[in-house]
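Engineer: Would you be able to build a 3D model of this:
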Amino acid sequence: MDLEKPPAQPPPDGCLVVAIRVPVRIVVLVLVLPVRMAWDALVVAGRFLHDTVLRPTGRALLWLGRAVFVWPFVALWRWVLVPVGRTLAWLGNVLVVVPCGWLHRYVLTPAGQAIAWVGRGIAAGLQWVYARVLTPVGRAVMWVLRGVGAVLAVVGAGVFTAVAWLARHLLVAPAAWVYEWVLTPVGRAIVWCLKGLVWLVGMVFTGIGTVLYWTCRILFALPALAVWRWVLVPVGHVLAVVGREVGAALGHAWRVAGHISLAVGRFLGTLLRWLVVEPVRWVYTRVLTPAGHLVRDAVLRPVAEALRAAGRASRQALASARASVRQARADFRRMLFGAGGPRRRPEVARREPVAAETRTLGSSTTALTKD
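Structural biologist: Numbers count the residues shown, from 1 in each chain. The predicted structure follows:
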């Protein structure tokens, strides 16, 4: 029993879709093929231009930019600004920091300590004046003010009580009677009239709205719904099918045009290879290479050997001349200073050291058995 569900098959396309698909794909392929071939040619030309022109030009411009902008500033920073900055820092330390430190240590610090000592004395005097003079005077003034405040509180309480009694009987009680027996009935009557008026206006506008609703529905909504349902929706379905098929045809035509362009490119590459590259390679391997070998063996190597022989002869001649000059200079020195004159340093033959002799039974290299 197969427990797995078979994959859902897409619904078959209708005859209208099939009838639209083939001509659309043919027309789109005819239109897209030149564009795809031109695009591929531009891509190949762009890659060739990038590899042969733009990348070397960019590297040259980068090197030129470094040579013109980066390296001079680096040299200026390394060989001018850094030494000048270090010199200025040393001068600032010697001319500013050290004198300021000396001034702070030996002038400002003692002066500040003296000013602080004087300030502490003045603060102690002010504290004594505050504790012994100002505090008793302030306490006496506060005692007098508390007495005056108590008298004023008693007088104010009596006056406030009288004013409150008069305001209650002359203002509050009449105002409450007017609000309860005059303003409240009048306000209720006005509210009832306003509610009736609002209900009447609402009924009028409800009737007008109902009439307008049915009029707009019959004149506009139902015809628009019929047009949407029976005209626009079928046309939209057809346009959607056409658009989907055109999009699919564009993709299919682009891929087919890519294969055709690739085949054309390979054909042109093969044609270029057999018409240009292979003849050039055959000429290079069959004609130029043997000719180059012949020129190398018949002309260049003998010339090089002759030049090397001439060089060796010239070096030997120069060495003989140097030896003759040295000998003449030694004879002249010997003639001037005699045999006791300054001696030449014995020349050491620049050869490899000779290996030590092989040990035998009659010789030894130890200190106890040495002969």
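Engineer: Point me to the helix or strand that includes the most centrally placed residue in the chain.
Structural biologist: Nearest residue to the geometric centre of the chain (C-alpha atoms, centre = their mean): Leu62, 19.9 Å. Applying DSSP states H and E as the criterion places Leu62 in helix 55-65.
Engineer: circling back: gap between the residue nearest to the centre of the chain and Arg78?
Structural biologist: Taking C-beta to C-beta, to the nearest Å as the measure, Leu62 falls 21 Å from Arg78. Just so you know, the C-beta spots here come from the backbone N, C-alpha and C atoms, and that holds for glycine as well.
Engineer: go on, Leu197?
Structural biologist: 95 Å.
Engineer: same check, this time on Arg120
Structural biologist: Relative to Arg78, Arg120 is positioned 56 Å away (C-beta to C-beta).
Engineer: Ok, Pro223 next?
Structural biologist: As judged by C-beta to C-beta, Pro223 and Arg78 stand 86 Å apart.
Engineer: again with Trp39
Structural biologist: According to C-beta to C-beta, Trp39 stands 51 Å off from Arg78.
Engineer: again, but for Arg333
Structural biologist: Distance from Arg333 to Arg78, by C-beta to C-beta: 52 Å.
Engineer: can you list the weak-confidence ranges in the chain?
Structural biologist: For the chain, the stretches with pLDDT under 70 are 1-21, 338-371.
Engineer: Helices of that one, start to end?
Structural biologist: With helices called from DSSP state H, the chain shows them at 15-49, 55-65, 71-76, 82-92, 98-103, 109-129, 135-167, 173-178, 184-216, 222-227, 233-272, 278-283, 289-295, 301-337.
Engineer: hang on, the earlier thing: the more surrounded of Trp39 and Arg78?
Structural biologist: Neighbours per residue (other C-beta atoms under 10 Å) separate Trp39 from Arg78, with Trp39 holding more: 15 against 10.
Engineer: Around Val148, how many other residues sit close by?
Structural biologist: Neighbours of Val148 under the rule other C-beta under 10 Å: 9.
Engineer: which residues sit in contact with it?
Structural biologist: Contact analysis of Val148 by C-beta atoms under 8 Å, 6 or more residues apart in numbering lists nothing.
Engineer: do the same with the one 4 residues further on
Structural biologist: Applying C-beta under 8 Å, 6+ apart, one finds that Leu152 lies in contact with no residue.
Engineer: could you measure it against Gly158, distance?
Structural biologist: Distance, Leu152 to Gly158, using C-beta to C-beta: 11 Å.
Engineer: now do Arg301
Structural biologist: The value you get for Arg301 to Gly158, if C-beta to C-beta is used, is 142 Å.
Engineer: Leu197 now?
Structural biologist: Applying C-beta to C-beta, the value for Leu197 to Gly158 is 56 Å.
Engineer: Over to His252?
Structural biologist: Distance from His252 to Gly158, counting by C-beta to C-beta: 108 Å.
Engineer: Among the two, which residue is more densely surrounded?
Structural biologist: His252 (16 against 9).
Engineer: neighbours of the closest residue to that one other than its chain neighbours, just the number please.
Structural biologist: In space, and not counting its chain neighbours, His252 is closest to Arg25: 6.1 Å by C-beta to C-beta, 6 or more residues apart in numbering. Neighbour count for Arg25, taken as other C-beta under 10 Å: 18.
Engineer: Ok, the one 3 residues further on next?
Structural biologist: By other C-beta under 10 Å, 22 other residues sit near Val28.
Engineer: Contacts only, for it.
Structural biologist: By C-beta under 8 Å, 6+ apart, Val28 lies in contact with 246, 249-250, 252-253.
Engineer: Try it again at 6 Å.
Structural biologist: 249-250, 253 (C-beta atoms under 6 Å, 6 or more residues apart in numbering).
Engineer: what's the distance between Leu134 and Asp51?
Structural biologist: Taking C-beta to C-beta as the measure, Leu134 falls 96 Å from Asp51.
Engineer: so how far is Arg132 from Gly125?
Structural biologist: Per C-beta to C-beta, Gly125 is found 11 Å from Arg132.
Engineer: Ser314 too?
Structural biologist: Using C-beta to C-beta, Ser314 is found at 118 Å from Arg132.
Engineer: Same check on Arg86?
Structural biologist: Look at Arg86 and Arg132: by C-beta to C-beta, they are 64 Å apart.
Engineer: same deal with Val163?
Structural biologist: From Val163 to Arg132 the distance is 48 Å (C-beta to C-beta).
Engineer: What of Val198?
Structural biologist: Applying C-beta to C-beta to Val198 and Arg132 gives a distance of 83 Å.
Engineer: ok, now Ser261?
Structural biologist: With the distance defined as C-beta to C-beta, Ser261 ends up 111 Å from Arg132.
Engineer: Who has more neighbours out of those two?
Structural biologist: Between Ser261 and Arg132, counted using other C-beta under 10 Å, the more crowded position is Ser261 (20 against 9).
Engineer: Contacts only, for that one.
Structural biologist: Shown in contact with Ser261 (C-beta under 6 Å, 6+ apart): 36-37, 40.
Engineer: rerun that using 8 Å as the cut-off
Structural biologist: 33, 36-37, 40.
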